[in-house]
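In: Sequence below, structure please.
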Amino acid sequence: MSRKIKRHILFPGALLLYFAVMAVMAYPGYKASGKWGEYFGVIGISLLLALILFFILKRKQKIRDRFSQKDLNE
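Out: You can find the predicted model right below:
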């Protein structure tokens, strides 16, 4: 029995994984330059965008489910 991963979890999760890899790769450059505000600012904005994407996709899924149930009831 396979369970399908929902989009509102998969896409933001993939973005978070990508952001984590990019943060690890960029760390030595920011460590050498000392621009910690920029480093953590980019990480914070990236996390905020992933969170916003999660809520937008979750809302769209609820709307889609509501309309599909409405069609089934008719």
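
In: what are the ranges of the helices in this structure?
Out: 7-33, 36-73 (DSSP state H).

In: quick check: mean pLDDT across the first one?
Out: So that's helix 7-33. For helix 7-33, the mean per-residue pLDDT is 92.

In: Grab the most central residue of this protein for me.
Out: residue 12 (2.2 Å; C-alpha atoms, centre = their mean).

In: what does stretch 36-54 contact?
Out: By C-beta atoms under 8 Å, 6 or more residues apart in numbering, the residues outside stretch 36-54 that reach it are 8, 9, 11, 12, 15, 16, 19, 23, 26, 27, 30. All C-beta spots, glycine's among them, are computed from the backbone N, C-alpha and C.

In: again, only this time at 6 Å
Out: 8, 12, 15, 16, 19, 23, 30 (C-beta atoms under 6 Å, 6 or more residues apart in numbering).

In: Stretch 18-25 now?
Out: 43, 46.

In: quick check, distance from it to the centre of its chain.
Out: Stretch 18-25 sits 14 Å away from the centroid of its parent chain (C-alpha atoms, centre = their mean, to the nearest Å).

In: Buried by neighbour count: which residues of it qualify?
Out: residue 19 (16 or more other C-beta atoms under 10 Å).

In: for stretch 3-15, same thing?
Out: So, applying 16+ other C-beta under 10 Å, buried residues of stretch 3-15: 8, 12, 15.

In: Grab the nearest non-local neighbour of the first one.
Out: It stands for residue 8. Computed as C-beta to C-beta, 6 or more residues apart in numbering, the closest residue to residue 8 that is not its neighbour in sequence is residue 57, at 3.6 Å.

In: hang on, the one you found packs against residue 6?
Out: No. Using C-beta atoms under 6 Å, residue 57 is not in contact with residue 6, being 8.3 Å away.

In: For residue 36, see how far away residue 51 is.
Out: 22 Å (C-beta to C-beta, to the nearest Å).
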